[in-house]
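Peer 1: sequence and computational prediction follow.
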Amino acid sequence: MNNYKELVVWKKSMDMVEKVYQLVKGLLDSEKFSLTSQITQSALSVPLNIAEGAGRKSNKDFSRFLSIANASSYELETQLILMERIFSIKVSEVLNILIEIQKMIYSLNKTLTIKET
């Protein structure tokens, strides 16, 4: 079991969620119930899955939850690109943070996989 609050990737993903919520405030009211919901769910899924995986008993379980967090990050990346294309809202700051998080998840997952063998 890992202390997720000490993981840099968890801290960075929590910061990313805050930035995502700031971004979606700029969407039209008509989009508040569709794209906004999807974007916030994907963003929330990243730190939530990191935390849940860290609380599991084995590195294999943690690795599985990191994979889910990573998949959510790619879903979020696509949604942010759509947000920029459709609504002309600049998302580059959040995308840069997200790409850094993806790299961190990959590295952590690789470390866990090595420890399992």
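Peer 2: Arrived safely.

Peer 1: buried stuff in stretch 10-23?
Peer 2: By neighbour count on 16 or more other Cβ atoms under 10 Å, the buried set for stretch 10-23 is W10, K12, S13, M14, M16, V17, V20, L23. Just so you know, the C-beta spots here come from the backbone N, C-alpha and C atoms, and that holds for glycine as well.

Peer 1: out of the residues you listed, which are inside helices?
Peer 2: With helices defined by DSSP state H, the entries of those inside them are W10, K12, S13, M14, M16, V17, V20, L23.

Peer 1: and the most centrally placed residue in the chain, its phi and psi?
Peer 2: Centroid-nearest residue in the chain, with Cα atoms, centre = their mean: V46, separated by 3.2 Å. Phi and psi for V46, reported as degrees, to the nearest 10, are phi -70, psi -60.

Peer 1: ok so, going back, tabulate the buried residues of stretch 10-23 (a markdown table), appending pLDDT and distance to I86.
Peer 2: Shown next, in a markdown table, are the buried residues of stretch 10-23 (pLDDT from 0 to 100; distance: Cβ to Cβ, whole Å):
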| residue | pLDDT | distance to I86 |
| --- | --- | --- |
| W10 | 97 | 30 |
| K12 | 98 | 27 |
| S13 | 98 | 25 |
| M14 | 98 | 27 |
| M16 | 98 | 21 |
| V17 | 98 | 21 |
| V20 | 96 | 16 |
| L23 | 90 | 13 |
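
Peer 1: and which of those residues is nearest S72?
Peer 2: S72 lies nearest to S13 out of the buried residues of stretch 10-23, by Cβ to Cβ, at 9.7 Å.
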